[in-house]
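Peer 1: Return a 3D structure for these sequence lines:
(chains A and B)
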Amino acid sequence: MNHLLWRKKFFILLVLLSLLSWFAPVPLIAQEERKDLRPERGISVYTEYSGITIPKGETVKMDLTLENKGKTDETIDVKISEVPKGWKATLKGGSYLVTGMFVSNGKSRSLALTLEPDKTVGPGTYVFHFDARTEDGKFTSSHKLAVTVKERDPGMDDIQLVTSYPVLRGQTDARFEFSVEVVNKIEVDRTFNLTAIGPEKWEINFKPSYETKQISSLRIRGGQSQTVAVEVTPPRDAQAGEYPILVRVSSGEKKAEAKLTVILTGIYKIDAGTPTGVLSLEAFPGKPANFSIFVKNTGSAVNRNITFSSFKPENWEVTFKPEKIDALEPNALKQVEVTVKPAPQALVGDYSVGVLVNGEKSDKTIEMRVTVKASTAWGWIGVGIILFVIAGLSALFIWLGRR
Amino acid sequence: MHGIITIIRKEMEDHFSSTRFLLISALIVMVGVIITSMVGMAIQEELKGMAKPTLVFLLLFTATGKLFSFVQFIGFFGPLIGIFLGFDSINRERVSRTLTKLLSQPIYRDSVINGKFFSGVIVIAIVLVAIVLLISGLGIRLIGVVPGVEEVWRLIIYILISLLYISFWLGIAILFSVIFRSTATSALASLALWIFFSFFVGLGAGVLADALAPISQSQTYVDPGIIIKHEKIQRIVSLFSPMTLYSEATNTLLDPMRKTTRGLILMGPLERLSISRFQNPLPLEESILIVIPHLLSIVAITFLCFGICYLIFMRQEIRTI
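Peer 2: Below is the predicted model of the structure:
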């Protein structure tokens, strides 16, 4: 009994609630209908630009927009009704080729239009037609796009290579790194291939700046530029001279070139040592001792102005004869006399004396072990004294003995 | 010649049978053994874990254990052996009136003085060789290192120098025994001279050096030239002492790493770097060449001392006493 009464009450509540919700939004809808002046139905199709000019061989990419002008939602079919010969036109939405799409009332939606010419397409004006119609075919819209193809202007290339230092100079065993800035002048992202032509056996690598990986192509955003390091390693046996290197950056048909130059000066290397290979020397305190060293140019460049210096204890004298070598041809050998004079108060023992040969961009150190020996002069004086004393003693024995 | 040999034999009989000799050699042997065992144990401790120690054996003689090294000990107390062996050699004969009896035999007068001197030298040699052999044996047992050929040579030369040095003191003692009639006087004179050379020469050298090249204690910076001059004066003066001659010579000879007899060396930073590049011991001949002025001085003063002693004894009137 009680249960039944409960149910009744609940039902009434429900009805009341539903009535309330029904009546409330009605005045709002009426207000909107009063303002809307759009036609019942209407569509249009158009591209971003209706006429463009491009260089030969370039692909056109732009948006195709479908607009629903009416009050009703529409499903619009779209097609490219006229494509000039030699062109390939595609309409894409996301990753699909699109033939129709739904556009809700008052809204517009875009599709990506790509117009790709093949190689036969010459200069001239090409007209593309786009047709759109509603599903029931009652409303249609068409649009025309004129593409004028012009011959490529050679001076107006859209890739540019900029090098601040096109000529580098250095030793043969050095590594040369050019910095080349690749500028993408058009507003489209592109991938560029990098190639280089250099002398035989030379190693030429492209690297992103401040990175070690080697690259052969790079992608640059439209209108931006990127710096590429060109690393050149000459072979070890390369002769001194000038070597041109051609760096080519290409993207499709377009390319740009830059000429880089490496000037090799040869290797600066000298060797020095004693003719016998003996690196020790005996000397007496305060007395000069001689030895000779050879200086050899083992590099491939002329070594000029070779000087000598020494690392030695204080008060020691190390002199060289000749004092310097003006020029030493590759593979030439020259002998230098070295005189080492220990200090008069030098202790007996082994000293380390360094002989430094300072050439152009190269040097060599020879460490000599100089053994300072005790002077024997005192010994002879002493022997004299002893002989004198013994003689005196003997004389005494003879004079006073046998008494 | 026959007379000399007889005298030497008789003198040595006297020496070896005297209590005095027994006491002094017992003292020296005891001290030597104590020092060596002390030094040996210290070396043993120090060399633990060292891969290949070089010239360790000589350390037995030069290392100062807790008190002083064997070389220092001989340098200081070695003269006492010489003095004790010789201070009464002539005047005792004189006092007991045996000298005239001796000379009435068919023995020349120079044989007496020569024989007395040489018998002393032989006894000293026996004592020295015995001690060095004792220490060597004990050292080999303690540290387990066998001496190399060069070390043996250095020890032989060391014994020769020590022999000459102690013989010099023997000569001094005999000289005083010739000059003074009383044995007590000659003993005191010898001891006084020993004390003078041992203590006062070194002290006087310091005083003289301070007077001529004063190093002020208050200043923080001291001119190295002054220090060198100070050191030089001190060294020259102290070299008048045979003890300094002997200790410098033997220290340099027994330590192959020592490159000079000088105590203080002025060395620039580059020189220090240069010499520290090759750290190896000097060969024996170099060590000898360094100390040769010292060696010759010791030889010369020993000969000179004996010569004077000989001269005075030969010119002395003996029979009238």
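Peer 1: how about A:Asp160, phi and psi?
Peer 2: Just so we're on the same page, residue A:160 is Gln rather than Asp. Backbone torsions of A:Gln160, given as degrees, to the nearest 10, read phi -130, psi 140.
Peer 1: Excluding chain neighbours, what is closest to it?
Peer 2: Using CB to CB, 6 or more residues apart in numbering or on different chains and skipping the chain neighbours, the partner closest in space to A:Gln160 is A:Val183 (4.1 Å). To be clear about C-beta, it is placed using only N, CA and C from the backbone, and glycine gets the same treatment.
Peer 1: Show me which residues of chain B sit near chain A.
Peer 2: With CB under 8 Å from any CB of the partner chain as the criterion, chain B meets chain A at residues B:108-110, B:259-260, B:265, B:268, B:270-271, B:273-275, B:277-278, B:280, B:282, B:286, B:289-290, B:292-293, B:295-296, B:299-300, B:303-304, B:306-307, B:310-311, B:314-315.
Peer 1: I'd like to know which of these are buried.
Peer 2: Under a neighbour-count criterion of 16 or more other CB atoms under 10 Å in any protein chain shown, the subset of the residues of chain B next to chain A counted as buried comprises B:108-110, B:259-260, B:271, B:274-275, B:282, B:286, B:289-290, B:292-293, B:295-296, B:299-300, B:303, B:306-307, B:310-311, B:314.
Peer 1: Chain neighbours aside, what residue packs nearest to B:Gln279?
Peer 2: Of all residues apart from its sequence neighbours, B:Met257 sits closest to B:Gln279 (CB to CB, 6+ apart), at 7.9 Å.
Peer 1: What of B:Gly86?
Peer 2: If you skip the residues right next to it in sequence, B:Gly86 has B:Ala173 as its closest partner in space, 3.3 Å away by CB to CB, 6+ apart.
Peer 1: Ok, A:Ser108 next?
Peer 2: Leaving aside its sequence neighbours, A:Ser108 sits nearest to A:Glu67 (CB to CB, 6+ apart; 3.8 Å).
Peer 1: Mind listing the residues bridging to the one you found?
Peer 2: In this entry, A:Glu67 is beta-bridged to A:Ser44, A:Ser108, by DSSP bridges.
Peer 1: Quick check: it touching A:Glu74?
Peer 2: No - with contacts counted by CB atoms under 8 Å, A:Glu67 stays clear of A:Glu74, the gap being 10.0 Å.
Peer 1: Give me the more crowded residue out of those two.
Peer 2: Set side by side, A:Glu67 and A:Glu74 give different neighbour counts by other CB atoms under 10 Å in any protein chain shown, the larger being at A:Glu74 (25 against 20).
Peer 1: for chain B, longest helix please?
Peer 2: Ranked by residue count, the top helix of chain B under DSSP state H comes out as helix B:109-143.
Peer 1: For the residue in the stretch 101-250 of chain A that chain B sits nearest to, identify the helix or strand it belongs to.
Peer 2: For the stretch 101-250 of chain A, the residue positioned closest to chain B under CB to the nearest CB is A:Asp173, at a distance of 31.6 Å. In the assignment (DSSP states H and E), A:Asp173 maps to no helix and no strand.
Peer 1: what sits against it?
Peer 2: Taking CB atoms under 8 Å, 6 or more residues apart in numbering or on different chains as the criterion, A:Asp173 is in contact with A:Arg236, A:Ile267.
Peer 1: 6 Å - rerun?
Peer 2: The neighbours of A:Asp173, taking CB atoms under 6 Å, 6 or more residues apart in numbering or on different chains as the test, are A:Ile267.
Peer 1: just B:Leu142 next, same as before
Peer 2: Neighbour list for B:Leu142: B:Gly40 [criterion: CB under 6 Å, 6+ apart].
Peer 1: can you list the residues of chain A near chain B?
Peer 2: When proximity is defined by CB under 6 Å from any CB of the partner chain, chain A lies next to chain B at A:313-314, A:347-352, A:369, A:374, A:378-379, A:382, A:385-386, A:389, A:393, A:396, A:400-403.
Peer 1: Next, B:Arg94: secondary structure please.
Peer 2: For B:Arg94, the secondary-structure state derived from DSSP: H, G, I helix; E, B strand; the rest coil is helix.
Peer 1: ok, so what distance separates A:Ala132 from A:Asp189?
Peer 2: If you measure A:Ala132 against A:Asp189 using CB to CB, to the nearest Å, the figure is 29 Å.
Peer 1: Got the confidence number for residue 279?
Peer 2: If you meant another chain, say so; for now it's chain A. The predicted structure scores A:Leu279 at 90 on the pLDDT scale.
Peer 1: Can you look at chain B instead?
Peer 2: 76.
Peer 1: Cheers, nothing more for now.
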